[in-house]
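# Give the three-dimensional model of this entry:
(one chain, ligands or ions: 1)
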Amino acid sequence: MAKDDCIVPLVGYSDRLSVRPGETVGFKVSSTGTEPFTAWLTRSISADPNPAGMGIVEEPMEEAFAEQAFPSRYQPFHPGSHAITEERVSLRPGDGFLMAATIYPTLARGSPQTILSVGDVNLLVSGDGAAAISVGRDVVFAPTGIRLRRWYELEAGFDADSGRLFIRQRELGTPCPAEVHGSRRCSLTKGEVRQRAIIAARMKDGVACEHFNGKIEAPGLYRGTERSDGSAIARWDFSRDISTTTVRDSSTNQVDARLVNLPARAVTGSRWDATEMCWRHAPEHYGAIHFHEDDIYDFQWETDFAFRVPEDLPSGVYVMRISCGEHRDAMPFYVCPSRGKPRANLCVLIPTFTYAVYGNHARPDHDSSWKDRDREWNAYPYNPAEYRSYGLSTYNFHSDGSGICHASHRRPLFNLRPGYRTFGGSDCSGLRHFQADSHLISWLHAKGIAYDVITDRELHEEGLACLADYRAVMTTSHPEYHTDRSLDAIRAYRDSGGNLMYLGGNGFYWRIALHETETGAIEIRRTEGGIRAWAAEPGEYYNAFDGAYGGLWRRRGRPPQELVGIGFTAQGEFHGSHYRRKCFDPAYDWIFEGVHGDIIGDFGFSGGGAAGFEMDRVDHRLGSPDNVVVLASSEGHEDRPILVHEEQLTHLTNWPGEPTGNLLRADMVYFDLPAGGCVFSAGSITFCGSLPWNGFSNNVSTILENVVNRMTGSGLRDRSRPRVERSLD
Ligand SMILES: [Fe+2]
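Below is the predicted model of the structure:
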């Protein structure tokens, strides 16, 4: 982005979201200020700016990182995907040349979109929607405009014999393919053009611009005016190495290209005929790449400073804060314990995959009036909906209307900041994810319960080993996205005698894939059903990153009920109701010790109640174990939540075969496992929002404390109060 565009004056990101003692995390900052910016480290206790609660609370950590100043500098970023060759290619007007590509445009832009570029020779779609070739100021347009979401084969170039620039355009997939031609005389006075080739953009002053929106297939460069093996300068085959960011040249010259900003691969090409749904089985059907002007992966900012984590730094949630003049930013990251050296009986699983997947979610209901309360509460001021150029989330669409299927934390994520409010118009704190999960973190501190943190990254990379030493493991409010390996790790922990607490709703729902080489890149294919922000296109249900079928874990035979006894059943507005106690078996009285009455959680900072918004329930057909005990179920959901899509069959029937109204509830459950472990599941995404209510003294807090005490034993429990010395305003 150019400096004068809509930018945040001071903003940064860390190169990793989790780090262990002895390892280093780097911080990348862009500051438009003229004076140096200051950085200091804190430990995050509460990220909820609501003055009715704790407010934002962070412990200063000067001993670990002394406050320091660093020079300000503006760091630009450049959205838009394309491919670029490392080597230069040559076009010689004396020989004639040909540019070819098959395209499927998806956005009428009103300005040029480049398909293939070598220096000032460009194959493009004009702002008027006509395919064209330009050489410097000379342009030839195809006489018929192209339509969106149709396949066209384009060939354009310079005929040295006739001295004419020409273009040929053929629409594919129609009963009578319409072919049109355009040409004009042109005296190319310049000699050889020798530049790096770019696909889906062109270069201006070293920066890619005029990006193409849509699919491109089989782009190529040729000597003369016809395509042949012998005349190929480069002939890129997108059906090869689909899981990588390398584009292979099938010509003898092997001029491979490198993809920038992760365009979508494993998408259907012009040859896809619906006979095969998996790209691995028929890669020739998937010879296209879908490029977008707003694709973004890694801002690639320079590192301004780094922090090496001392060996004695407690595991927890940390924030590198920066300020410059009136501007402030905060970059959260997680310190895990050293490998094999847990410091507590309890481990909190931080859902960094889910945080990244939601990273920069621009909500469709965002309203600028939300800023009034944000100012009043001194909440985080920037919203992704107003800074869309920083790249949106996989809950949003690209500018061409296609769903965003890639996520990355290697850029500033505005909603991963202390004090960010997701539901700005809500009467409650209006928090999700990082900020909502701080309700649990602050509760652990208030109760003096020692804990370590492990993030999804360690789960994925290290498996059971990173959890094996803990007596108990707890999730936060919304552990929705998992890889095979992160899910395997939790399952293995549970089945080897571990005690598991699932303290949220809509957990373990979607399957994601990580990229083999592009650190932090996550792919999600929103296939078939499920509550989802967009729908994957037909034939595009298999991930490019790992070749596996994407979508709901339920569709892959691993419903969350199998793991934690409950699974997603209902979604409503951001309102919470209460649970009513259902279990009076004395064997489970220990869970309710200290709880008076049957109504639980009719209060809270998330939606006003412990049960609501996204709720899970027991279903034995989907794997809830026979011995699962429903401790309590929610009721009184006046916001009329809906049954999730995957539970609905017809207008009269649903999958469980019960009256729909019975299914719109959260079940709080408990069950024992053969290996000696047990599972407690809350069943609601707003559960943790009730923990801090009334100074952490309430029946939701009591129930969780009873469960934690039982699951962790008394070994490493630390009753010392947190050293909360500085409330950041
Ligand atoms: Fe979600």
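
# what's the longest strand along the chain packed up against?
Ranked by number of residues, the top strand in the chain under DSSP state E is strand 567-581. Strand 567-581 sits against helix 560-564, strand 599-600, strand 611-617, strand 629-635, strand 642-643, with contacts defined as 3 or more C-beta pairs under 8 Å, 6 or more residues apart in numbering; DSSP states H and E. For glycine as for every other residue, the C-beta is placed from the backbone atoms N, C-alpha and C.

# residues making contact with the third one?
To tie it back to what came earlier, the one meant is strand 611-617. 478, 505-507, 560, 564, 566-579, 601, 606-607, 633-634, 637, 639, 641, 663-667, 681, 683-687 (C-beta atoms under 8 Å, 6 or more residues apart in numbering).

# what's the offset of it from the middle of its chain?
Counting by C-alpha atoms, centre = their mean, to the nearest Å, strand 611-617 is centred 22 Å from the centre of its parent chain.

# same question, the last one
Between the centre of strand 642-643 and the centre of its host chain there is 25 Å, according to C-alpha atoms, centre = their mean.

# Next: the first one.
Relative to the chain's own centre, helix 560-564 is displaced by 23 Å; criterion: C-alpha atoms, centre = their mean.

# just the second one next, same as before
Distance of strand 599-600 from its chain centroid, counting by C-alpha atoms, centre = their mean, is 35 Å.

# Ramachandran coordinates for the residue lying closest to Thr245 once chain neighbours are set aside?
Nearest-residue entry for Thr245: Leu259, 4.2 Å, with adjacent residues in sequence omitted and distances by C-beta to C-beta, 6 or more residues apart in numbering. The phi/psi pair for Leu259 (degrees, to the nearest 10) reads phi -80, psi 140.

# Just the pLDDT for Leu259.
With respect to pLDDT, Leu259 has a value of 98.

# and what of Leu188?
Leu188 is given a pLDDT of 79.

# residue contacts, the residue lying closest to it once chain neighbours are set aside?
Among residues not flanking Leu188 along the chain, Pro93 sits closest, at 4.0 Å (C-beta to C-beta, 6+ apart). Contact analysis of Pro93 by C-beta under 8 Å, 6+ apart lists 158, 160, 188, 190-193.

# that older thread, mind checking the helices and strands packed on strand 567-581 for the one nearest to Pro538?
Closest to Pro538 of the helices and strands packed on strand 567-581 is strand 642-643 (C-beta to C-beta; 25.0 Å).

# who's in contact with the following helix or strand past that closest one?
Remark: after strand 642-643, the chain's next helix or strand is helix 660-663, criterion DSSP states H and E. Here helix 660-663 makes contact (C-beta under 8 Å, 6+ apart) with 569-570, 617, 643, 647, 654, 656.

# Please identify which of those residues is nearest to Phe353.
Once C-beta to C-beta is applied, the member of the contacts of helix 660-663 that ends up nearest Phe353 is Thr569, at 22.5 Å.

# since we're on the nearest residue to the closest one once chain neighbours are set aside, how many residues are nearby?
Nearest residue to Thr569, sequence neighbours excluded (C-beta to C-beta, 6+ apart): Arg617, at 4.4 Å. Using other C-beta atoms under 10 Å, Arg617 has 27 neighbouring residues.

# so what's Arg617 bridging to?
Judged by DSSP bridges, the bridge partners of Arg617 are Gly567.

# Could you list the alpha-carbon positions for stretch 227-244 in CSV?
As requested, the backbone C-alpha atoms of stretch 227-244 are provided in CSV (Å, rounded to 0.1, in the frame of the first residue of the first chain):
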residue,chain,number,x,y,z
ARG,A,227,1.7,-22.5,-30.1
SER,A,228,4.0,-25.5,-30.5
ASP,A,229,6.5,-27.4,-28.4
GLY,A,230,9.3,-26.1,-30.5
SER,A,231,8.3,-22.5,-30.2
ALA,A,232,7.7,-22.3,-26.5
ILE,A,233,9.7,-19.8,-24.5
ALA,A,234,7.7,-20.8,-21.4
ARG,A,235,4.6,-22.8,-20.9
TRP,A,236,3.4,-22.9,-17.3
ASP,A,237,1.5,-25.9,-16.1
PHE,A,238,-0.5,-25.0,-13.0
SER,A,239,-1.7,-28.7,-12.6
ARG,A,240,1.8,-29.6,-11.4
ASP,A,241,3.0,-29.3,-7.8
ILE,A,242,-0.4,-28.0,-6.7
SER,A,243,0.5,-28.0,-3.0
THR,A,244,3.5,-25.7,-3.5
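
# list the buried ones in that stretch?
Within stretch 227-244, the residues that count as buried by 16 or more other C-beta atoms under 10 Å are 231-240, 242-244.

# With stretch 30-50 instead?
Quick answer for stretch 30-50 (16+ other C-beta under 10 Å): 30-33, 37, 39-50.

# those helices in the chain, which residues are they?
Applying DSSP state H to the chain gives helices spanning 352-357, 370-376, 433-446, 456-462, 484-495, 560-564, 660-663, 693-696, 699-712.

# Show me what counts as buried in the fifth one.
Right, helix 484-495. Applying 16+ other C-beta under 10 Å to helix 484-495 flags 484, 486-491, 493-494 as buried.

# What score does the residue nearest to Leu188 have for pLDDT?
91.

# Any regions of the protein where pLDDT drops low?
Applying pLDDT under 70 to the chain flags residues 1-5, 714-729.
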